[in-house]
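Colleague: Predicted coordinates and the sequence they were generated for:
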Amino acid sequence: LIVEPDNSVRKANEARDTTGPVDGTTTFTAIDSLKKKSNYYFENHPTEKVYLHFDKTFYILGEDNWYKAYVLNGSDLNPTVISSVLYVDWIDPSGKIISQKRLRIENGSSAGDLAIDTTFADGTYTVKAYTNWMRNESPELFFSRNIRVIDPRIHGESSWDEKGKVSIDLQFFPEGGTLIQGVQTQLAFKAIDSNGRGVEVNGKIIDNQNKLVTTFRSSHGGMGSFPFIPDTTKSFRAILSNGEVHHLPQPHTSGYSLAASNMNADKILVRVCRTGGDDSHVYLVGHARGSIYYAESIGIENAFKEITISKKELPEGILQLTLLSSKGIPQCERMVFIQKGDYIKGYITCDKDEYAPRDSIMLNFELEDVKHAPLETSLSVSVTDADFVDVDKHSETIYTRLLLQSDLKGNVENPGWYFESQNS
C-alpha cells in the first residue's frame, strides 16, 4: 500500500537536502552506488515524525484533555511540508477506537482537546497520532502514548499489583547482530515480563560441562551486557537467580563481527573482525535519518581492523553503522546514539511573587540557543498542580521521542534515563 501525501512529494524534496556529508576523499564504486540508491529512495520516500505534548499524564472523569502536536520532517526535524492533516485516535483498553480526530497542520503544528466524560471507563487508554503519509511505514513508528483515566467512584477498590511468580522472557542480542566462533563480543540481554515490561535480573552463564563461564546482572530496565567468547564445540545456558534456564544463541563458524565504543565525546571507535572466508575487503557505512554521513572502504588483512569516526559532522540522534561485503551485501549492523547536548535554554519569569485564588498569571518566556542568541519558535507549556501531578524526569519528552524512540521499534521504557548524562 502506497498512500499519497497531502501535498506533492516534489515540494518535500525541494525543502530538504538528503545528501549529507561523507567522510573521506577516495571514491569507491560500491559506495557511490549505495549513496545514489539511498538518496534516490529517501528523496522519493520522505518520512515524518509526530510528537504530542499533553497537559497531564492522567485524567479524572469530567476533565478535559489538552494537547499540542508537532509534525516534523523525519530527515532534518524541520516542520513538515508533506502533510496537512493529522489523525489522533483514542483507543480503549479493549483495543476499540472510541475517538478519531482530524486536525489541520499549519507550520508543522496543531492542537486539540477531548472531553473525558462519563462514557470513559476506568483504565489505560492508548493515544496514537499519525499522518496519512506515515501509513506507508510500520504502525510501530506512529506516535503512541498510554493515558490513565481514573474513575474516582471505583478507584482504589482494585489493586494493580501483580501477585505470584513472574515468568521472565530473557532475550540475547550479540553486538553487531551475530556471534562468531572465537571472537569476543558484548552479548546484550533484556529480561521482560508477560506484559513486556523490563524486569531486573541476575544470574550466571554455564557451559554444557556445567562450568561457570561468567555472571551477569541487569543495570537498567532488565537490560545489561557481558563479554562473551563463543565456542561452536559447546552449548551455553543462562541460569537466573529464580532458577529459570534460558539458552544462548548458537554462534556461526565464520563471518564478520562489528563492535563500537561510543564513550568518547568526539569520536566513535569501531572494530571489525573477520573469521574464515577470503573476502578481506568490506565497506562501513554510517547513516542517520535517510542521509549517509560516513562511508569508507576497509581492508582486513589481519582478521580485524580498527576505525575511528569523528562525531563533528554527525547529527544528533541514532547513527546506524552497517558493514557491507565487497559485493555490497549487509553483514552486520550496530546502532549508536550521538548526543551533543546542544540544548535550547529557556527562562520563565512571573509578574508577581504571590497570587490570590483565581488571579490571572502572566508568564514571560525567554529562549536562547547555545550561542545565547534569542530564539523565535513555536512552543507549548503545561501548568499543573504540583501536589497532585508528579513530574517523572525519566518520562518521554519531545527530545527523547524525536531523537530516540521514533527511530526504534517497540517500547522504550523510561526514555529520559538515557539522557541523564553523556555516558548513559
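Modeller: Received, thanks.
Colleague: ok, which stretches of the stretch 251-400 of the chain are strands?
Modeller: Here the stretch 251-400 of the chain has its strands, by DSSP state E, counting those that start in this stretch, at 255-261, 267-275, 281-288, 291-299, 304-310, 317-324, 330-338, 345-350, 363-368.
Colleague: Check which helices and strands the first one sits against.
Modeller: This points to strand 255-261. In terms of contacts (3 or more CB pairs under 8 Å, 6 or more residues apart in numbering; DSSP states H and E), strand 255-261 is packed against strand 185-192, strand 267-275, strand 317-324, strand 330-338. All C-beta atoms are positioned from the backbone trio N, CA, C, and that covers glycine.
Colleague: Quick one: closest of those to residue 203.
Modeller: strand 185-192 (9.3 Å; CB to CB).
Colleague: Report the separation between residue 221 and residue 61.
Modeller: Distance, residue 221 to residue 61, by CB to CB, to the nearest Å: 32 Å.
Colleague: correction: residue 276
Modeller: 64 Å.
Colleague: Compare neighbour counts for the two and give me the winner.
Modeller: residue 61 (18 against 13; other CB atoms under 10 Å).
Colleague: Contacts only, for that one.
Modeller: Residues near residue 61 by CB atoms under 8 Å, 6 or more residues apart in numbering: 116, 117, 118, 120, 149, 150, 151, 152.
Colleague: Kindly recompute the last result at 6 Å.
Modeller: 116, 151 (CB atoms under 6 Å, 6 or more residues apart in numbering).
Colleague: Give the buried residues for stretch 360-367.
Modeller: Within stretch 360-367, no residue counts as buried by 16 or more other CB atoms under 10 Å.
Colleague: Ok, stretch 185-197 next?
Modeller: 185, 187, 189, 190, 191, 192.
Colleague: which residues touch it?
Modeller: Contacts of stretch 185-197 (CB under 6 Å, 6+ apart): 166-175, 198-199, 201, 222-223, 225, 228, 257.
Colleague: Select the longest helix from this structure.
Modeller: The residue-count maximum for a helix in the chain (DSSP state H) belongs to helix 29-44.
Colleague: Which neighbouring elements make contact with it?
Modeller: Where contact means 3 or more CB pairs under 6 Å, 6 or more residues apart in numbering; DSSP states H and E, helix 29-44 is packed against strand 291-299.
Colleague: now the strand it packs on against strand 304-310, angle please.
Modeller: 150 degrees (axes from the mean of the first three to the mean of the last three CA atoms, to 10 degrees).
Colleague: which parts of strand 291-299 are buried?
Modeller: 291, 292, 293, 294, 295, 296, 297, 298.
Colleague: do the same with stretch 369-389
Modeller: Under the neighbour-count criterion of 16+ other CB under 10 Å, stretch 369-389 has residue 380 buried.
Colleague: What of stretch 126-140?
Modeller: For stretch 126-140, by 16+ other CB under 10 Å, it's 127, 128, 129, 130, 131, 132, 133, 134, 136.
Colleague: Take these and keep only those in strands.
Modeller: Per DSSP state E, strands hold the following members of those: 127, 128, 129, 130.
Colleague: which stretches of the chain have low pLDDT?
Modeller: Along the chain, segments meeting pLDDT under 70 span 1-30, 155-166, 278, 342, 421-424.
Colleague: before we move on, back to that, of the contacts of stretch 185-197, just the buried ones, ChimeraX syntax please.
Modeller: Typed into ChimeraX, the line below selects the buried ones among those, using 16+ other CB under 10 Å:
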select :168,170,172,174,175,198,199,201,222,223,225,228,257
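Colleague: List the ones among the contacts of stretch 185-197 that fall in strands.
Modeller: Using DSSP E, the contacts of stretch 185-197 in strands are 169, 170, 171, 172, 173, 174, 223, 225, 228, 257.
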